[in-house]
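In: One predicted model, sequence on top.
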Amino acid sequence: LYNTLIEAESTEEFHYLSANMDASRFPELAELVEPFYIKDFPHFRVGIFGLTTQETNYISSPSPVLFTDPVTSAENMVDTLSSRGCDLIILLSHLGVAGDRRVAEAVSGIQIIVGGHDHYLFTTPIPVQNPEGDTTYILQVGCYNRYLGELTIELGEENRILDYEVIPVDSSVYPDPAISSSLDSIIEILESIPTLAGMYTTPLIYVPEAIPDTSRIDGYLDTPLGNLVTDALKKTSDIDVALETSESVRQGIYPGILYGYELFSTIPIGLDSSTYLTSRIIRMYISGNSLYRLLNFPLSLGNLLIYISGGRYTVYNSGSSFSVRRDSVLVNGEPLLDAATYSVVISQFFYEMLPSLYIFPDSADTLPITEFEAVRDYIIEHPERALSAATEGRIILEETGIEEKPEEKSSSLSIYPNPFNSTLSIKTGTNRDILIFNIKGELIRRLPAENHTWDGKDNSGNRLSSGVYLVKEDIPNSKPQKAVLIR
């Protein structure tokens, strides 16, 4: 990320904004990313600040960077920008609409929130009343540069929205010659990298009909693109099941000639630094109970869903939450057995999320292929099967039934301070050992029952680096606590 920002800044004037990014332990990056930017116009001054979702701490690998509470940061930014005479304060947000609402309802003084993260298309601004009774407007115009939003606002004692338009970015929008020339230069540089050769210039296949990233059948949650991706992953190894998150399967594949860069856009999450492609594939072995919990837990995180090849399951909607029906899970046509061991392939990015979902595989190994290469090769080698991908009912939605959630042992575990620098105090109501895992799910430290203080070192006495660690009691299925170590 740092190298990318440096290269971009050397060619154009960019302002990278994130007010809740603590990069104090990465000073070079801290110099590039600003909390806010002020732009002066003839008769008024505009202050813009950025916020990044705190989920980044857990679902990515930002260490030594840490993302702090967005509400506290927003309060500080409003105070700062107001004191500098800004007439209009805009939040450039990557929190998602729920996070945007939380900030708008808690912090006065923000007039506009331009949001992102969850890819919604709002054709009208969403008004939210802030603590002082004024209105903050939330805007979001989808994803992947498909739309441009244009807002006209009248500033005064009561700011008024005069006009708001969502403009499709299609063939009616003519390319800018200067930008096109810059893009051609970038493409030439990228394609000089062996693993990216032909990514923009060599066709992969002709796609007669769109392969969408949404379900085409009511009551079914699996999508044509999700099924294509997981089928491709399953072909990489002789295993029982292939899984991928809906978060990682992004935009659909459009009709016409398909190029590598377009396919890359459908599964862009994760990075293999040796190839500059997406994450490598992980083959792991987990129990049936862990597989069930893996399918179920992401539903509690919001809109996240697990696509599957080699299995089927049903999601129950209770009206207030979603959960997977245990007796609905089939693997290779057979009911899931809790005590059985199943072989599963997933992307490395997904694999690194497992500790935050409290899933710890029995064993795992890395395959010599990236997710992009797996899907690309599958489309080329099995074009009829790939291009006919469809919603099949691998994931069924039921509105009635008995809600079922994985059994989770209660825990009285508490940790303090968090984040911590040198010593973490761990309190528990049981006389059990404390286990500490890194974000990959690897056990790095066992604390005996009589000593519940962690010094930030592993079992060999090595001083660990900044990052997120999981602390749990040595009780099966007990829920871990996330501890953030900052050096």
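Out: Nice, thanks for sending it over.
In: ok, now which ones touch V141?
Out: For V141, the contact set (C-beta atoms under 8 Å, 6 or more residues apart in numbering) comprises 121-122, 147-149, 166. Where C-beta positions appear, they are placed from N, C-alpha and C, glycine not excepted.
In: What distance do you get for S18 to E165?
Out: 28 Å (C-beta to C-beta, to the nearest Å).
In: And these two? Which one has more around it.
Out: For S18 versus E165, neighbours defined as other C-beta atoms under 10 Å are more numerous around S18 (22 against 11).
In: right, and the more buried one touches T52 too?
Out: Yes - here S18 reaches T52: they are 4.8 Å apart, a contact under C-beta atoms under 8 Å.
In: Can you check which residues contact both of those two?
Out: F67.
In: Buried subset of the contacts of V141, written for ChimeraX?
Out: Buried members of the contacts of V141, identified by 16 or more other C-beta atoms under 10 Å, are gathered into one ChimeraX selection as follows:
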select :122,147,149,166
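In: Out of the contacts of V141, list just those in strands.
Out: 147-149, 166 (DSSP state E).
In: Quick check: which element contains F349?
Out: Applying DSSP states H and E as the criterion places F349 in helix 348-351.
In: Helices of the stretch 301-450 of the chain, residue ranges please.
Out: In the stretch 301-450 of the chain, the helices defined using DSSP state H, counting those that start in this stretch lie at 348-351, 371-381, 383-387.
In: deepest of those, which one?
Out: Greatest average neighbour count among the helices of the stretch 301-450 of the chain goes to helix 348-351 (a mean of 24), per mean count of other C-beta atoms under 10 Å.
In: Report the rounded mean pLDDT for that helix.
Out: Mean per-residue pLDDT for helix 348-351: 88.
In: other SSEs contacting that helix?
Out: Packing contacts for helix 348-351, counted by 3 or more C-beta pairs under 8 Å, 6 or more residues apart in numbering; DSSP states H and E, involve strand 241-245, strand 280-287.
In: can you do 6 Å?
Out: In terms of contacts (3 or more C-beta pairs under 6 Å, 6 or more residues apart in numbering; DSSP states H and E), helix 348-351 is packed against strand 280-287.
In: Partner strands of the strand it packs on and their direction?
Out: strand 341-347 (antiparallel), strand 363-370 (antiparallel) (DSSP bridges).
In: rewinding a little: can I get the helices of the stretch 301-450 of the chain in CSV including distance to I112?
Out: Below are those laid out as CSV (distance: least, C-beta to C-beta, whole Å):
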stretch, distance to I112
helix 348-351, 33
helix 371-381, 37
helix 383-387, 43
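In: P255: which of these is closest?
Out: When the helices of the stretch 301-450 of the chain are compared by C-beta to C-beta, helix 383-387 sits nearest P255, at 10.4 Å.
In: ok, the contacts of V141 vs K427, which is closest?
Out: Among those, and counting by C-beta to C-beta, the member closest to K427 is F122, at 44.7 Å.
In: Can you name the residues that contact the residue nearest to that closest one when sequence neighbours are not counted?
Out: Once flanking residues are discounted, F122 sits nearest to Q140: 5.0 Å by C-beta to C-beta, 6 or more residues apart in numbering. For Q140, the contact set (C-beta atoms under 6 Å, 6 or more residues apart in numbering) comprises 115, 120, 122.
In: Could you check how far the nearest residue to S287 once chain neighbours are set aside is from P361?
Out: Excluding the flanking residues, the one nearest S287 by C-beta to C-beta, 6+ apart is T341, at 6.1 Å. To P361, T341 is 10 Å away according to C-beta to C-beta.
In: Of these two, which one has the most company?
Out: Neighbours per residue (other C-beta under 10 Å) separate T341 from P361, with P361 holding more: 20 against 16.
In: ok, the more buried one touching M284?
Out: Yes - P361 lies in contact with M284 (C-beta atoms under 6 Å); the separation is 4.0 Å.
In: any weak-confidence spans in the stretch 201-350 of the chain?
Out: Residues of the stretch 201-350 of the chain meeting the criterion pLDDT under 70: 298-303, 319-320.
In: Show me where it has its strands.
Out: For the stretch 201-350 of the chain, applying DSSP state E, counting those that start in this stretch gives strands covering 203-207, 241-245, 256-259, 280-287, 306-309, 311-317, 322-324, 330-331, 334-335, 341-347.
In: Which among those strands is found nearest to D213?
Out: strand 306-309 (10.2 Å).
In: In terms of secondary structure, what does the closest one contact?
Out: Using 3+ C-beta pairs under 6 Å, 6+ apart: strand 306-309 touches helix 224-234, strand 241-245.
In: The last one to helix 224-234, inter-axis angle?
Out: What it means is strand 241-245. 130 degrees (axes from the mean of the first three to the mean of the last three C-alpha atoms, to 10 degrees).
In: CA atoms of strand 241-245 as CSV?
Out: Output of strand 241-245 as CSV, limited to C-alpha atoms (Å, rounded to 0.1, in the frame of the first residue of the first chain):
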residue,chain,number,x,y,z
VAL,A,241,-15.9,-28.7,-0.2
ALA,A,242,-14.8,-25.4,-1.6
LEU,A,243,-15.9,-22.2,0.1
GLU,A,244,-15.6,-18.4,-0.5
THR,A,245,-17.2,-15.4,1.1
